[in-house]
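[1] turn this into a structure:
(one chain, ligands or ions: 1)
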Amino acid sequence: MTLKNTIIISALAISISMFGQTKKQNMLYKNPNTPIEKRVNDLLKRMTLEEKAGQLNQLNAGTETGPLAAHDQKVPNIADIKAGKVGSYLNLEGVALTMKYQKVAYEESRLGIPLLFAKDVIHGYKTIFPIPLAEACSWDLKIIEQAARVAALEASASGLHWTFAPMCDISTDPRWGRVMEGAGEDPYLGGLIGAARVRGFQGNLVDGKHIMACVKHFAAYGAVEAGKEYAHVDVSRFALWNKYLPPYKAAIEAGAATIMNSFNVFEGVPATANIYLNHTVLKQKFKFKGFAISDWDTYTEMINHGYSADKKEALEKVLNGGGMMEMNSSLTINLLPQLVKEGKVPIKVVDDAVKRILYYKFKLGLFDNPYRYCDFEKEKKDVFNTQNREIARKAAASSMLLLKNEKELLPLKTKTKVAMIGYYAKSKEDMFDFWIAKGDYRQAVSMLEGLSTKFPNLSYSDGYLADASTTDSLIQAALEAAKNADVLLVNIGLSGKKAGEDRSLASIKIADGQQQLLKALRKTGKPIVALISSGRPQVLTQITDLTDAILQCWIPGTETGNAVADVLTGVFNPSAKTVMSFPYDEGQIPVYYNYFNTGRPTTPNGSGDWFSRYRDIPNAPLFPFGYGLSYTSFEYSNLKIDKSEFSISENVNVSVSVKNTGKYDGEEIVQLYIRDIAASYIRPVKELKAFEKIALKVGEEKLIKFTLSANDFSFYDMDGNTLLEPGNFEIYVGGNSVEVSKLNLKLLK
Ligand code: NOJ
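    Now for the predicted structure:
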C-alpha cells in the first residue's frame, strides 16, 4: 500500500469514527438535556436481549464476601465488559481500578453503558465508625446520618457508587453475629435509624459525594432460628408486618435506591423469588421504584433450599418472583436469553428490571461523566482525614453504654494510677470486625494507646490470650501490673473477628478465662472497671458482681482508644441507651422489651405457680431495652397529658419535666411507650412511640413535650392494612423501658 493510500484510508477511518461519535452523541439517551425516563426508554430500545441480561449481572472482583466457586472471576474480564455482559462489580474500588474498567465499559462497549461499583461500606470506608448496633445506641439521628455521610464521601471519592447498607433487620437474638450491623430490637427506632442512614449515604444522590444505599435484607433475615447464620426463618405475616417490615419501609420511604433480597425463606419460598415480598409488599404496598439486588449466590441457592431442581428453573422462578440484579452467581447472563425465547420469562419482566437499573446509572450522572467518581485528588483529600476521624471519635463516644457505676467510680481523674489489663486492649488485629471496607487496623488507636496518652501512670498486662483463655502466669503478671494501681481497667469481651456475617455463637457468656482473671483481680480489693469489647450484647451476669463499673464499648472503630479515654475521663459524659436487651442467661433468648403478655403472664415479682416463666432464672433481662447510665442523674416529674380521651382527628400532648440532679452536665434520652390494652390482634406490653435526646446542665430542668397522633396508636393486620381501634391505652414515660411512669388514655369511637 502506498503512503498516499494509507493516508486516505486513515482519513476515512477517522471520519467514520467521528461520524460514529456524532451519531452516538445524537442518540437521545446520550443527551443530558433529555429527561431520564426518556433516556432510559431510548436506550432500552437499542439493547439486545444479551445486553439486557448483562445489566442484571453483578460480579465479584476483589475481596470475597461470600463463597467463591472455582469458575468465579477474581479480576474483571475485559472481553465481558466490552461485550456488555456485566452491569456492575462488587468489591472493586479505588480510583485507579474503577477508572480502568469504567473506561472499557463506556468507551469500548457497543452502547457505552457505564458500570456500577458497589461495596459493603457498613460503618465507614477507611475511617471506621462504631458498628451500626453501637451507633444506634446513641439514639442520635444526626450523628448517625453524619457517619453515613462521611462513609459516602470517602467511598464516592474512591470510585464507588453504591453501598450495601443499611441493614434494617430486626433481631432479638444476640447469638446471631449480624446483630452488630443492625439497629437493635425495636421496629420504630430501627426505622428512624434506617432512614437516617439512607439520608446520610444518599444525600441528593446527584452531587458526586453520595452513594446509593441498599436496604437489606428483605425480609426478616434477623429471625434466623436460634440465631444460627443462614438458618431457617418461619415468621407469620402478623410478625412480618408489625415487627420486621417497619424499618425496611421507613428506609425505603427515605428514598433508598436499592434493596437486597435476603438469604432466608418466607412462607416456604426463598425471599429472592418470593412473590408476596417482592411484588405485593415491595412494589404494590411500598411503591418501591428502585431496584433489587440478590444476596450473594441466592439465585443458585434456590437449588440448595430445595425450591428449584436446576439453575434454569431457579432463574425462571427468581425473575418471575421479583428478582432483578443478580449478585455473583451468573445465572442471568448464561440463561436469561433462553428463558425469554422459550416464553418462560416475559420480556416485560426483564425490561422492568433493566429500566430500574439504568435509571440510577443516569441519575448518578454516569452517562454524562462516567469518571465523576474517579478523581485522584479527591481520593487523597477526602479519605481518612482528620475531620472524618474527629466525627468518628464523637460517634464512638456517643455509642458507649455505661451499664454500672458503683459509688460514682467513673469518671476518673487523669492523674489516677491505672492498670490496663486485657489482651484485646493492645491487639489491633482484634479491634475490627469483618465489615471494614478499606479500614486498616494498623491505623486505628487501640485502647492501650488511647488510655496511655491520657493516663501517664498506666501499667499494662495481657491477662488472657487471643482466644480469651488464660494461664496462671498471665494472671500473676496481671496481679503484678495491678500492684501499684488505684483503679483496674479490664478489657474483656470478644475479639472483633467474632462479629458479623457467619459469626453466630452458641455461647455468649464472658469467656471462662476472662472470668478467672476478674476473680483473681477482685481479690486485690481494688476498684475494677470492665471495658467490654463486643459486637453484640453478651451475658454479663457472671461478671457484674466482679466489677464496680461496666462500660460497654462495642467495636468503636478507628478512634477506639481516644473515645474510650474521652468517656473514662469525663471529657464525654456517656449518654447511650441500649437498643438490644442484655440477656440474663442464654436460655432466655430471645428476650426483648416489646413482648406479648400471653394468657398466663408472669406476676410482678416473678413468683408463684402456673405462670409463664423459667424456674431457674428470672424473666427480665439483665439490662433492658432503653437502659444506660450517665455520670449525672436525672429526675422525672409532672407527667401530664392534655386530655384523657381523644378522637382519631385529634393529637394528644404528653409532657414531662426532666431535671439534672447530679454533678455533671449530661444528656438524657427521654422515652415514651404505649400499650394498647385490648385490640383485634394482641399488642405488645410496651411499644416505643417517641423519644427525645436532651442536654441538661447541672441543676437544669426542662419540660419535654411529645405530640402523638392517631397514627401512633395504629398497627397492622396480616395483610398490611393499618388498623386503628378505639379503646384504652396506657402511656409510659421514662429513661428506659422499665423505669417509667404511667398515664391512661382512651381513643373514642
Ligand atoms: C452477603 C451479605 O449477606 C450481604 O449483606 C452483603 O452485602 C453481601 N454478602 C455482599 O458482600
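[2] find me the pLDDT at residue 602, would you?
    Per-residue pLDDT puts residue 602 at 83.
[3] change the start of the numbering to 40 and stick with it
    Sounds good: first residue 40 from here, last item residue 641.
[4] and the gap between it and residue 635?
    12 Å (CB to CB, to the nearest Å). Using the backbone N, CA and C atoms, a C-beta is placed for each residue, glycine as well.
[5] neighbour count winner among these two?
    Neighbours around residue 641 and residue 635, counted as other CB atoms under 10 Å, are more numerous at residue 641. The numbers are 17 against 11.
[6] so which residue of the stretch 340-489 of the chain comes closest to the ligand?
    Closest residue of the stretch 340-489 of the chain to the ligand, CB to the nearest ligand atom: residue 366 (6.5 Å).
[7] hmm, I was thinking of the stretch 590-739 of the chain
    residue 594 (17.0 Å).
[8] for the closest residue to that residue other than its chain neighbours, give me its contacts.
    The shortest distance from residue 594 to any non-neighbouring residue, by CB to CB, 6 or more residues apart in numbering, is to residue 170 (4.6 Å). Residues in contact with residue 170 (CB atoms under 8 Å, 6 or more residues apart in numbering) are 161-162, 219-220, 472, 474, 538, 574, 593-594, 596.
[9] quick one, helices of the stretch 490-639 of the chain?
    Along the stretch 490-639 of the chain, counting by DSSP state H, counting those that start in this stretch, helices occupy 511-521, 551-561, 580-583, 599-607.
[10] I'd guess residue 235 is in a strand, am I close?
    No: counting by DSSP: H, G, I helix; E, B strand; the rest coil, residue 235 falls outside a strand, being helix.
[11] was I right to think it contacts residue 184?
    Yes: under the criterion of CB atoms under 8 Å, residue 235 makes contact with residue 184 at 4.3 Å.
[12] dump the residue contacts of residue 180.
    Neighbours of residue 180 in contact, by CB under 8 Å, 6+ apart: 231-232, 235.
[13] ok, so of those residues, who is nearest the ligand?
    Scanning the contacts of residue 180 for proximity to the ligand, where the rule is CB to the nearest ligand atom, the winner is residue 232, at 16.9 Å.
[14] per-residue confidence at that closest one?
    pLDDT, read off for residue 232, is 99.
[15] could you look up the SS state of it?
    Following three-state DSSP, the label given to residue 232 is helix.
[16] break down the stretch 290-439 of the chain into its strands, ranges please.
    Taking DSSP state E, counting those that start in this stretch to define them, one finds strands in the stretch 290-439 of the chain at 297-300, 304-305, 308-309, 330-332, 365-366.
[17] out of those strands, which comes closest to residue 454?
    strand 297-300 (50.9 Å; CB to CB).
[18] what strands line up against that closest one, and which way round?
    strand 253-257 (parallel), strand 330-332 (parallel) (DSSP bridges).
[19] distance between the last one and the chain's centre?
    It stands for strand 330-332. Relative to its parent chain, strand 330-332 has a centroid offset of 18 Å by CA atoms, centre = their mean, to the nearest Å.
[20] list the buried residues in that strand.
    Neighbour-count burial for strand 330-332, with 16 or more other CB atoms under 10 Å as criterion, is recorded at 330-332.
[21] thought the residue of the stretch 590-739 of the chain closest to the ligand was touching residue 571?
    No: using CB under 8 Å, residue 594 is not in contact with residue 571, being 10.6 Å away.
[22] same drill for those two, tell me which one is more crowded.
    Each of residue 594 and residue 571 has its neighbours counted (other CB under 10 Å); residue 594 has more, 32 against 26.
[23] related to what we said a few turns ago, local confidence estimate at the residue nearest to residue 594?
    pLDDT at residue 170 comes out at 98.
[24] cool, and residue 51?
    The predicted local confidence for residue 51 is 42.
[25] likewise for the one 4 residues further on?
    Residue 55 carries a pLDDT value of 40.
[26] quick one, what contacts the nearest residue to residue 264 once chain neighbours are set aside?
    The shortest distance from residue 264 to any non-neighbouring residue, by CB to CB, 6+ apart, is to residue 270 (4.5 Å). Contact analysis of residue 270 by CB under 8 Å, 6+ apart lists 263-264, 303.
[27] quick one on the thing from earlier: looking at the strands paired with strand 297-300, spot the one closest to residue 82.
    It is, among the strands paired with strand 297-300 and with distance given as CB to CB, strand 330-332, at 15.3 Å.
[28] show residues contacting the closest one.
    97, 157, 203, 253, 257, 296-300, 317, 321, 361-366, 392, 395-396, 399.
[29] run the last query once more with 6 Å
    With contacts defined as CB atoms under 6 Å, 6 or more residues apart in numbering, strand 330-332 is touched by 297-300, 363-364, 366, 395-396.
[30] now, the most widely separated pair of the residues you listed?
    366 and 395 (15.6 Å).
[31] near the closest residue to the ligand within the stretch 290-439 of the chain, how many other residues are there?
    Of all residues in the stretch 290-439 of the chain, residue 335 sits closest to the ligand, with a separation of 4.1 Å (CB to the nearest ligand atom). Look at residue 335: counted by other CB under 10 Å, it has 24 neighbours.
[32] what's the distance between it and residue 199?
    Counting by CB to CB, the gap from residue 335 to residue 199 is 18 Å.
[33] per-residue pLDDT of residue 65, please?
    Reading off the confidence values, residue 65 has pLDDT 76.
[34] any idea how far it is from residue 73?
    From residue 65 to residue 73 the distance is 11 Å (CB to CB).
[35] those two: who's more crowded?
    residue 73 (16 against 9).
[36] quick check: closest non-adjacent residue to that one.
    residue 67 (5.5 Å).
[37] then residue 482?
    Going by CB to CB, 6+ apart, residue 482 has residue 597 as its nearest residue, at 6.8 Å.
[38] thought residue 481 was touching that neighbour, still the case?
    No: contact criterion CB atoms under 6 Å: residue 597 and residue 481 do not qualify, at 10.7 Å.
[39] ok, these two, which is more surrounded?
    residue 597 (28 against 7).
[40] would you mind naming what in the protein lies close to the ligand?
    104-105, 129, 159, 203, 255, 334-335, 540 (CB under 6 Å from any ligand atom).
[41] so where's the protein uncertain?
    Applying pLDDT under 70 to the chain flags residues 40-64.
[42] residue ranges of the strands in the stretch 640-788 of the chain, please?
    For the stretch 640-788 of the chain, the strands defined by DSSP E, counting those that start in this stretch cover 673-680, 684-685, 690-699, 705-715, 726-735, 740-748, 754-755, 761-762, 766-773, 779-786.
[43] list the buried residues for the last one?
    Within strand 779-786, the residues that qualify as buried by neighbour count (16+ other CB under 10 Å) are 779, 782, 784, 786.
[44] tell me the one among those residues nearest to the ligand.
    Nearest member of the buried residues of strand 779-786 to the ligand, counting by CB to the nearest ligand atom, is residue 779, at 35.6 Å.
[45] so the closest one sits against residue 771, correct?
    Yes: the criterion here is CB under 6 Å, and residue 779 meets it with residue 771 at 3.8 Å.
[46] make sure residue 145 is indeed in a helix.
    Yes: counting by three-state DSSP, residue 145 is part of a helix.
[47] how about the contacts made by it?
    Residue 145 touches 151, 153, 409, counting by CB under 6 Å, 6+ apart.
[48] need those in CSV with neighbour count, can you?
    Listed next are those as CSV, based on neighbours: other CB atoms under 10 Å:
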residue, neighbour count
151, 17
153, 25
409, 22
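[49] count the neighbours of the spatially closest residue to residue 376 that is not a sequence neighbour for me.
    Once flanking residues are discounted, residue 376 sits nearest to residue 88: 4.7 Å by CB to CB, 6+ apart. Neighbour count of residue 88, defined by other CB under 10 Å: 14.
[50] angles on the backbone of the residue nearest to residue 430 when sequence neighbours are not counted, please.
    What sits nearest to residue 430 in space, not counting adjacent residues and going by CB to CB, 6+ apart, is residue 189, at 5.6 Å. With angles defined as degrees, to the nearest 10, residue 189 sits at phi -60, psi -40.
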